[in-house]
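>>> Return atomic coordinates for the entry below.
(chains A and B)
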Amino acid sequence: MRRALGGFLALALVAGAAAYVHRPAPAGAQGGGTIEATVTYNGAAQVETLKVNKDTEQCGTEAKIEKVVVGANKGLANAVVSVAGMKGAPTGKKATVDQHGCKFVPHVTAMTPGEVELKNSDGILHNIHTYSTANPSINKAQPKFKKVMSEKFEKPEIIKLTCDVHSWMLGWIAVMPHPFFGVTEGSGVAKIENVPAGKHTLEVWHETLGKQTKEVEVKPGQVAKVSIEMKK
Amino acid sequence: MRALVSRRGAGGGVRPYSTTLAAAPVPDPRPLGSGNADDTGLAGSPRPRRAARLVVVGAVVVAVSVVASVGQVWAQKGDAQAGKSVYEKKCALCHGDKGDGKGPAADLLEPRPRDFTTGVYKIRTTVGKVPTDQDLFDVITRGMPGTFMPAWDVLAEKDRWSLVAYLKTFAAEKLKEAPKKQELPKEVAPSAESIKRGKEMFEAIECHKCHGADGRADGPSRPELKDDWGHPIRPANLTKRWTFRGGASRGDIAMRLANGVLGTPMPSFIDSVEKPEDIWHLANFIASLGPESPNYATLLSARAVGAEIPDDPNAEFWTRIAPQNVPLVGQVIIDPRNFNPAIDLVALRAAWNEREIAFHLAWDDPTQSVADPAKKTYADAVSVQFPRALVTGPERPYFLMGDASDAVYLLRWENGKGVVEADANGPTKLAPIAGGMATANAVYANGQYRLVLKRPLASKDAARLAFRPGVFTPVAFQAWDGGAGEAGTRMSLTSWYYLRLEEPQSNRRFVVPPVVAVLTLVAMLLVGRVANRRG
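Below you'll find the model as predicted:
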């Protein structure tokens, strides 16, 4: 019995160590580099507003549908930047989307195939309604007492996420075929680490402004800076 | 064709037939009309053998339903080629030749006809997207209540199975996975306790957001709802179970709650209730919100009362009179037409006393609206229509608010304005009658109007109808949901009904029979005595 327990502990230790070792190595190791992409948009932000007629305590009295968010220096937020044609195992990291303030937070989530945790911090009825083609479409209610749900998206695809109770709620889950991606923040910057050295094509996707590509060369241990301007 | 034959062979254990449409038997109204019984070789047998045949057929049917419920339902049962010719005759007008929901009539319909190429079906008994053949067969057979999709039970059962096979060819790629049965928790019988728990859960999971606090489809999210193709969609009115697309039974309701209505905002709740059996408590509560069938009235009656008739539509008095449900349909005779009317039912309660007559009308309308050009809304309205004078023969004015030769008399109520009496020579030719004698009291709450219209029984002039007890008085109704943009000829309406003012039941019935009995007894005694004396 004791021996079995010891064996189990040893096994657990080894597994833990293996997991630790398997974590993504820091930038520069194994001949990889980092891509720092700055996505800009030379147009105005596009925001629609809507008067809210329910749940104003959680949602506020005015809802914003942010179709294009432009920050400082014309930086475009919520764009998914990825290295085209790459392969790689899923990160195993569980993505999280929260329904908070009657918004999907973050607005755009990028993940490798696997599970996503859907949280309902609002404590009111939401429903997760996805528009997917590669993955099964779902429309599941998430009432106030259902704080967390888990869903699996196994196939690479960019999935639209809506809530029918609050029609302005809109979010995106980008299921990527490899771990070389990032989502731009308010400043328009996204970082992709551990990219194998060499010439690559960067792909940018934005919900309103569509897709664009740009060539980039990654050198071992260096940060390749690249800027991409999205056209209307 | 060879492929078809071999496929038939594969499913042949269940339904072996190969007739094409041309050779198909006449539609058989019996539920067993599969035409397969003849294959057993018992045709033309004497009676005992007929019983045997029935047993065999019964066994086949039981076998089919067992097979269907066990889950091997994806087996081909129909002939897609035969289904195609049925489809082209019966379905293509709405659903389109290509099955894309773009038939010539599609633009007039709301909800729009299904686009079969998407492989998305609202009503399923499965988890996920792929329905069973039985699901498709059931929708064809019973139609989609509350929509333009009629019940096709007039088609032979075989033809319906062939249609199922053909429909699937429109989205073969999307429906290639095997359907996975949606399991339901153990059924809970309806009881006061279960209904109470269902109501708690109804509130906890916020069904009212779309369906409204009383279930009348007036929830705050209603105006925002769209289907997966971006078309506006109305939530179900939970008090009108007979309009539920997937059926009105508790089992149907539980299934809709469990796996949702695909392609619409209605989500799946199987994993989103506190305990699995809450699905049944909810179903029991929803079933308690309204009758399974509207039991439409054929003859309307007004109760004779000796007392005052209250003006308040919520007075207890009105609850003692059973509602008489009258169906309304869209006005599609005169332009602009109303193909998708918002109001489909008016519940009438009527009463009269020696002075006046009162009509209590109740109808569901999700929004209380007044005329507002900015929002493109109009005032909600309703009218009760009579001939101008009592008619004796079968001749009545034109039901659509009269015509040039024969006017009708209207009691027309409008939200924000009240009631007017009017003469009409057609829907656009209304003339108010001077010296109004009618009064109205309306209340609106949780998606329902309740209105009491009153008028003196007698008429002071020839412009209005005088109501007389015991007489069959023609009556018709029109309604407008101004919030849905209905006004003028865009209305919902009925044809003529008859209203009868019940005659008061006098106390004579308690006096006359005993008096007659006593007199008879006296007469018998007299006769007896006279006879005795003579004897």
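>>> Which residue would be the closest one in the stretch 51-200 of chain B to chain A?
residue B:128 (5.5 Å; CB to the nearest CB). C-betas here are computed from N, CA, C, even on glycine.
>>> Contact partners for that residue?
Each residue near residue B:128 by CB atoms under 8 Å, 6 or more residues apart in numbering or on different chains is listed here: A:136, B:177, B:179-180.
>>> show me the contacts for the closest residue to residue B:403 other than its chain neighbours.
Closest residue in space to residue B:403, ignoring its immediate chain neighbours: residue B:426 at 5.7 Å, by CB to CB, 6 or more residues apart in numbering or on different chains. Listed by CB under 8 Å, 6+ apart, the contact set of residue B:426 reads B:398, B:400-404.
>>> Closest one to chain A out of the residues you listed, please.
residue B:401 (36.1 Å).
>>> Would you double-check that the residue nearest to residue B:403 falls in a strand?
No: applying DSSP: H, G, I helix; E, B strand; the rest coil, one finds residue B:426 to be coil, outside a strand.
>>> Looking at the contacts of residue B:128, which is nearest residue A:162?
Nearest to residue A:162 among the contacts of residue B:128: residue A:136, at 15.9 Å, using CB to CB.
>>> Tell me the pLDDT of the closest residue to the closest one other than its chain neighbours.
Once flanking residues are discounted, residue A:136 sits nearest to residue B:128: 5.5 Å by CB to CB, 6+ apart. We have a pLDDT of 89 for residue B:128.
>>> For residue B:201, give me phi and psi.
Phi and psi for residue B:201, reported as degrees, to the nearest 10, are phi -70, psi -40.
>>> mind listing what the closest residue to chain A within the stretch 301-450 of chain B touches?
Nearest residue of the stretch 301-450 of chain B to chain A, counting by CB to the nearest CB: residue B:367, 11.6 Å away. Residue B:367 sits next to B:218, B:377, B:481, B:483-484 when contact means CB under 8 Å, 6+ apart.
>>> Can you tell me the element it falls in?
Per DSSP states H and E: residue B:367 is located in neither a helix nor a strand.
>>> Same check on residue B:220?
Using DSSP H and E, no helix or strand contains residue B:220.
>>> Isn't it up against residue A:51?
No: Residue B:220 lies out of contact with residue A:51 (CB atoms under 8 Å); the separation is 11.5 Å.
>>> near chain A, which residues of chain B?
Applying CB under 8 Å from any CB of the partner chain, we find that chain B lies next to chain A at B:128-129, B:204-206, B:209-210, B:220-221, B:224-226, B:228, B:260, B:262, B:265-269, B:271-274.
>>> Quick check: what element follows the helix or strand of chain A with the lowest mean pLDDT along the chain?
Scoring the helices and strands of chain A by mean pLDDT, DSSP states H and E places helix A:2-22 at the bottom, with a mean of 49. Next helix or strand after helix A:2-22 toward the C-terminus (DSSP H and E): strand A:32-41.
>>> Does anything pack onto that next one? Which helices or strands?
Packing partners of strand A:32-41 (3 or more CB pairs under 8 Å, 6 or more residues apart in numbering or on different chains; DSSP states H and E): strand A:80-83, strand A:189-196, strand A:198-206, strand A:210-218, strand A:223-230.
>>> Any idea which of those strands gets closest to chain B?
With CB to the nearest CB, the closest approach to chain B among the helices and strands packed on strand A:32-41 belongs to strand A:210-218: 19.3 Å.
>>> Just checking: what are the partner strands of the closest one?
Sheet pairing here is set by DSSP bridges, and for strand A:210-218 it gives strand A:198-206 (antiparallel).
>>> Now do the partner strand and strand A:189-196, the angle between them.
Per axes from the mean of the first three to the mean of the last three CA atoms, to 10 degrees, the angle that strand A:198-206 makes with strand A:189-196 is 150 degrees.
>>> got the angle between strand A:198-206 and strand A:32-41?
30 degrees.
>>> So which of the contacts of residue B:367 is surrounded by the most neighbours?
Of all the contacts of residue B:367, residue B:481 has the most neighbours under the rule other CB atoms under 10 Å in any protein chain shown, reaching 27 neighbours.
>>> so how far is residue B:325 from that residue?
18 Å (CB to CB, to the nearest Å).
>>> cool, residue A:181 as well?
Counting by CB to CB, the gap from residue A:181 to residue B:325 is 59 Å.
>>> Who has more neighbours out of the two?
The neighbour count for residue A:181 versus residue B:325, taken as other CB under 10 Å, is higher for residue A:181 (20 against 17).
>>> OK, contacts around that one?
Counting by CB under 8 Å, 6+ apart, residue A:181 touches A:80-83, A:110, A:174, A:192.
>>> Same question for residue A:116.
For residue A:116, the contact set (CB under 8 Å, 6+ apart) comprises A:94-97, A:109, A:150-153, A:173.
>>> can you confirm it is in a helix?
No: secondary structure of residue A:116 (three-state DSSP): strand, not part of a helix.
>>> send the alpha carbons of the helix or strand hosting residue B:161 over as CSV?
Assigned by DSSP H and E, residue B:161 belongs to helix B:157-169. Extracted in CSV, the C-alpha atoms of helix B:157-169 (Å, rounded to 0.1, in the frame of the first residue of the first chain):
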residue,chain,number,x,y,z
GLU,B,157,-47.8,8.4,-44.9
LYS,B,158,-45.5,7.0,-47.5
ASP,B,159,-45.3,10.3,-49.4
ARG,B,160,-44.4,12.1,-46.1
TRP,B,161,-41.6,9.6,-45.5
SER,B,162,-40.4,10.2,-49.1
LEU,B,163,-40.5,13.9,-48.4
VAL,B,164,-38.3,13.4,-45.4
ALA,B,165,-35.8,11.5,-47.6
TYR,B,166,-35.9,14.3,-50.1
LEU,B,167,-35.5,17.1,-47.6
LYS,B,168,-32.4,15.6,-46.3
THR,B,169,-30.8,15.7,-49.7
